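predicted model, plus sequence, below.
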Amino acid sequence: MSSTQQAETQRLFFALWPDEAVRAQLARVLGKVPLKDGKRVAAENLHITLAFLGSVTADRRGCVESVAAAIRGTGFRLTLDRIGHWPKPRVLWAGSSATPVELLALVQALTEGLRRCGFKPEARPFQAHLTLARKVSHVKPGLTMEPVVWQVDRFCLVRSSTLPEGAKYEVLASWPLTETGMPDAPA
């Protein structure tokens, strides 16, 4: 591999990626949220970030894929049942009032493995959330949502590209949350 190929990077993150049925439910929830300002996230971009990696070289990508393949996790039910707003980053999000222990174990396993690949863990504690809209300055108090139940059975490595029309995400690979931890073929 040439030094030019090694120096090329991709902007990557690990995420929970909803199937089409969950994505459709989330899009309906998002459509019911009254927004005075901001930009709704496109339904095809809805996800929960587990670990943001940033710009990653091919060598480091191999390391993070090895970490993911070694994870032995189990699937879990995640109920997204609350809406929140972070004023400083101006993000409207959906989250769970009870984070499953399996999700916390998955994030912990990723964090520990990524350290071995040279990544520094996020300083803030993990808070499972799905961004619904960005650049939201004002939110009606007391927003509620109909719960969306998501049977999570895999996690993904995703590439992020910034385009003039906005972010584009591509699932590069996924790993089932079973005791085997065997990777699926790239999506």
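Everything's here; your move. Numbering: from 1, shown residues only.

give me the contacts around the longest helix along the chain.
The residue-count maximum for a helix in the chain (DSSP state H) belongs to helix 101-116. Contact with helix 101-116 is made by 14, 16, 50-51, 53, 63-64, 67-68, 70-71, 73-76, 78, 121-122, 126, 128, 152, 155, 177, as judged by C-beta atoms under 8 Å, 6 or more residues apart in numbering. Bear in mind the C-beta positions are built from the backbone N, C-alpha and C, glycine included.

check the residue most central in space within the chain and give its pLDDT.
Residue closest to the average C-alpha location in the chain (C-alpha atoms, centre = their mean): Thr49, at 2.2 Å. Thr49 carries a pLDDT score of 96 in this model.

for Leu16, see how far away Pro121 is.
Remark: distance between Pro121 and Leu16 (C-beta to C-beta, to the nearest Å) = 18 Å.

and what of Gly38?
From Gly38 to Leu16 the distance is 23 Å (C-beta to C-beta).

can I assume Arg35 is in contact with Leu92?
Check again: residue 35 is Leu, not Arg. Yes - applying C-beta atoms under 8 Å as the test, Leu35 and Leu92 come out as touching, 7.3 Å apart.

overlap of the contact sets of the two?
Joint contacts of Leu35 and Leu92 (C-beta under 8 Å, 6+ apart) are Ala133, Val136, Val139.

out of the residues you listed, which one sits closest to Thr162?
Using C-beta to C-beta, Ala133 comes nearest to Thr162 of those, at 17.9 Å.

residue contacts, Ala42?
Counting by C-beta under 8 Å, 6+ apart, Ala42 has contacts Gly166.

ok, now with 10 Å
Ala27, Leu30, Glu165, Gly166, Ala167, Lys168, Tyr169 (C-beta atoms under 10 Å, 6 or more residues apart in numbering).

kindly report the same for Thr144.
Counting by C-beta under 10 Å, 6+ apart, Thr144 has contacts Lys32, Val33, Asp81, Arg82, Ile83.

and Arg82, by the same measure?
Trp93, Ala94, Gly95, Ser96, Ser97, His129, Leu143, Thr144, Met145, Pro147.

isn't there a strand covering the fifth one?
In this case it means Ser97. No - with DSSP: H, G, I helix; E, B strand; the rest coil as the criterion, Ser97 is located in coil rather than a strand.
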